[in-house]
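Student: sequence below, structure please.
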Amino acid sequence: MLDTRSHRDARSDTDDSTKTMLGTVQRQWLIDSLRESDATFKFIITSVPLDFSTNGGDAWVGYTWERNWIWDQITCPRDNPSDPCGPEIGGVIFLAADQHWFSAHHHNSGFKEFQVGPISASLRQPNPPDQHQVSMLVDYNYGRITYDPSGGGRILFEAIDDHGSLIYSEEIPSGRGHIQVRTEPAGLGAKFVICADNTVLSCDGAPELDGPCTHIFTGGGDTDFDYAVPGPYRIKWLGLGGFTTPPAETGCLEDGETLTFEGNFSGGPLPWFDDFSEDSGWNIVDEGQTEGPSNWVWSNGVLTQTSNIYDTTANDATLDKLGSLAWNGNPAWDDYEVTVSFNNPDDDGVGV
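Tutor: Predicted structure coming up:
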């Protein structure tokens with residue numbers, strides 16, 4: 001359990017190696033405790049969230065150098081026993097609060113962060129969801145953790161609302177492995193999305209190509225993920241202008257092992273491609289409004305509709321059209337195949 005208040009520097013200080021939330025003594029104690037622990041799972045309890053918050057520099061987003069240093073110490077691969085990083089650390093889960101809504105986040109570093117509460121204090125509205133936010137609900141809630149020591153050990157995390165109903169659950173197996181992504185030809189920088197199906201907690205049988213996605217890694221080009229929980233994974237490549245996209249691929253990561261995905265890109269002109277780095281001429285149509293107009297945002301290679309355009313309590317069956325659509329293309333196209341990747345982080349409807 002971290003003391004994130006007593007030793008912190010002012011949030012207005014420059015975010016560099018001299019700025020600290022924990023203080024140097026507590027920070028080193030945290031890493032030493034993780035390295036020396038023989039526990040299957042290690043819970044790090046932080047009163048402020050790691051990344052996704054609405055109160056600015058008060059949370060870890062205002063102390064990113066120190067946060068990233070801690071992440072690097074935990075994820076550092078230790079293939080050599082004499083490595084000064086020390087023993088490899090696995091089974092790390094972050095528990096956070098302070099934002100007054102429930103959310104579950106799967107960081108690209110491999111960590112899982114569960115944010116719960118409040119159970120009685122006032123609620124707040126969150127920022128637009130990030131692609132690594134897998135669930136979010138603005139409601140009174142609390143968290144429950146169950147440990148099952150069988151089969152090497154696993155954790156069941158559950159978020160429960162103030163009426164006792166289950167909001168979200170996720171099982172997490174013990175152990176840690178590594179994922180490598182390689183492309184041919186090298187240096188293309190092709191973007192990809194890796195999904196983990198942690199509802200299947202072993203590598204028995206073939207992973208499903210379209211199974212549930214309970215952890216998300218994203219990247220571009222040759223990438224190493226040094227911290228990943230064991231289990232089935234699948235990779236889907238995003239379009240790359242001028243190249244034919246490789247098919248999706250599955251694999252299974254064993255504890256202590258490395259899973260490698262290789263994407264072979266062949267030449268071939270594509271009639272149309274968009275990496276969503278900026279607005280390339282999309283047409284926006286709002287098909288009905290009860291909460292105001294849509295708000296489409298291009299950011300970090302993702303096109304997101306961020307407003308609550310068509311919030312309603314009516315039965316969906318009585319509504320002809322819902323919300324807003326973005327369209328692009330050429331009416332001259334006759335016979336074509338579309339590849340698209342999208343994410344729906346809450347209970348809204350989405351379609352292609």
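Student: can you list the low-confidence ranges for the stretch 201-350 of the chain?
Tutor: Applying pLDDT under 70 to the stretch 201-350 of the chain flags the ranges 201-202, 205-212, 214, 241, 267-270, 289-291, 310-322, 345-348.
Student: what ranges do the strands span in it?
Tutor: For the stretch 201-350 of the chain, the strands defined by DSSP state E, counting those that start in this stretch occupy 215-220, 223-228, 231-237, 243-244, 249-253, 258-264, 266-267, 283-286, 296-299, 302-305, 324-327.
Student: distance between the ends of stretch 265-273?
Tutor: 15 Å (CA to CA, to the nearest Å).
Student: hmm, I was thinking of stretch 112-119
Tutor: Taking CA to CA, the first and last residues of stretch 112-119 lie 22 Å apart.
Student: what's next to that stretch, contact-wise?
Tutor: Stretch 112-119 is contacted from outside by 49-52, 93-107, 140-143, 157, 159, 162, 170, 172, 215, using CB atoms under 8 Å, 6 or more residues apart in numbering. Using the backbone N, CA and C atoms, a C-beta is placed for each residue, glycine as well.
Student: filter these to the buried ones?
Tutor: Among the contacts of stretch 112-119, those scoring as buried are 49-52, 93-107, 140-141, 143, 157, 159, 170, 172, 215 (criterion: 16 or more other CB atoms under 10 Å).
Student: domain parsing for the protein?
Tutor: Annotated domains of the chain cover 24-173, 177-267, 283-327 [automatic domain parsing].
Student: now, which of the contacts of stretch 112-119 lie within strands?
Tutor: Among those, the members found in strands (DSSP state E) are 93-96, 102-106, 141-143, 157, 159, 170, 172, 215.
Student: so what pLDDT did the residue nearest in space to the middle of the chain get?
Tutor: Central residue of the chain (CA atoms, centre = their mean): His132, 2.4 Å from the mean position. Note for His132: predicted pLDDT of 74.
Student: residue contacts, Cys213?
Tutor: Neighbouring residues of Cys213 by CB under 8 Å, 6+ apart: 134, 195-197.
Student: between those residues, which is nearest Tyr336?
Tutor: Taking CB to CB as the measure, Tyr336 lies nearest Cys195 of those, at 25.5 Å.
Student: setting aside sequence neighbours, what's the nearest residue to the closest one?
Tutor: Cys213 (3.7 Å; CB to CB, 6 or more residues apart in numbering).
Student: shouldn't Glu249 be in contact with Leu259?
Tutor: No - taking contacts as CB atoms under 8 Å, Glu249 lies outside contact range of Leu259: 10.5 Å.
Student: which of the two has more neighbours?
Tutor: Leu259 (22 against 17; other CB atoms under 10 Å).
Student: beta partners for that one?
Tutor: Ile179 (DSSP bridges).
Student: that one contacts Gly251, doesn't it?
Tutor: Yes - here Leu259 reaches Gly251: they are 4.9 Å apart, a contact under CB under 8 Å.
Student: hang on, the earlier thing: can you redo the domains of the chain as CSV with distance to Asp13?
Tutor: Compiled in CSV, the domains of the chain are given as follows (distance: least, CB to CB, whole Å):
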stretch, distance to Asp13
domain 24-173, 9
domain 177-267, 29
domain 283-327, 26
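Student: distance of Asp148 from Thr250?
Tutor: Between Asp148 and Thr250 the distance is 26 Å, computed by CB to CB, to the nearest Å.
Student: who has more neighbours out of these two?
Tutor: Using other CB under 10 Å as the criterion, Asp148 and Thr250 rank with Thr250 on top: 17 against 13.
Student: so the more buried one sits against Leu259, correct?
Tutor: No - if you go by CB under 8 Å, Thr250 and Leu259 don't touch, sitting 10.1 Å apart.
Student: Three-state assignment for Gly57, please.
Tutor: Look at Gly57: counting by DSSP: H, G, I helix; E, B strand; the rest coil, its state is helix.
Student: what packs against the helix or strand where Phe192 lies?
Tutor: If you go by DSSP states H and E, Phe192 is part of strand 191-196. Packed against strand 191-196 by the contact rule (3 or more CB pairs under 8 Å, 6 or more residues apart in numbering; DSSP states H and E) you find strand 177-184, strand 215-220, strand 231-237, strand 258-264.
Student: name the strands paired with that strand and say parallel or antiparallel.
Tutor: Its sheet considered, strand 191-196 pairs with strand 215-220 (antiparallel), strand 231-237 (antiparallel) by DSSP bridges.
Student: for it, report the contacting residues that lie outside it.
Tutor: For strand 191-196, using CB under 8 Å, 6+ apart, the contacting residues are 179, 181, 211, 213-220, 225, 228-229, 231-238, 240, 261, 263, 275, 301, 341.
Student: next one: stretch 323-333
Tutor: With CB under 8 Å, 6+ apart, stretch 323-333 has contacts from 271-272, 274, 280-288, 294, 296, 303, 305, 309-310, 348-349.
Student: how about 7 Å then?
Tutor: In this structure, residues lying in contact with stretch 323-333 by CB atoms under 7 Å, 6 or more residues apart in numbering are 271-272, 281-287, 294, 296, 303, 305, 309-310.
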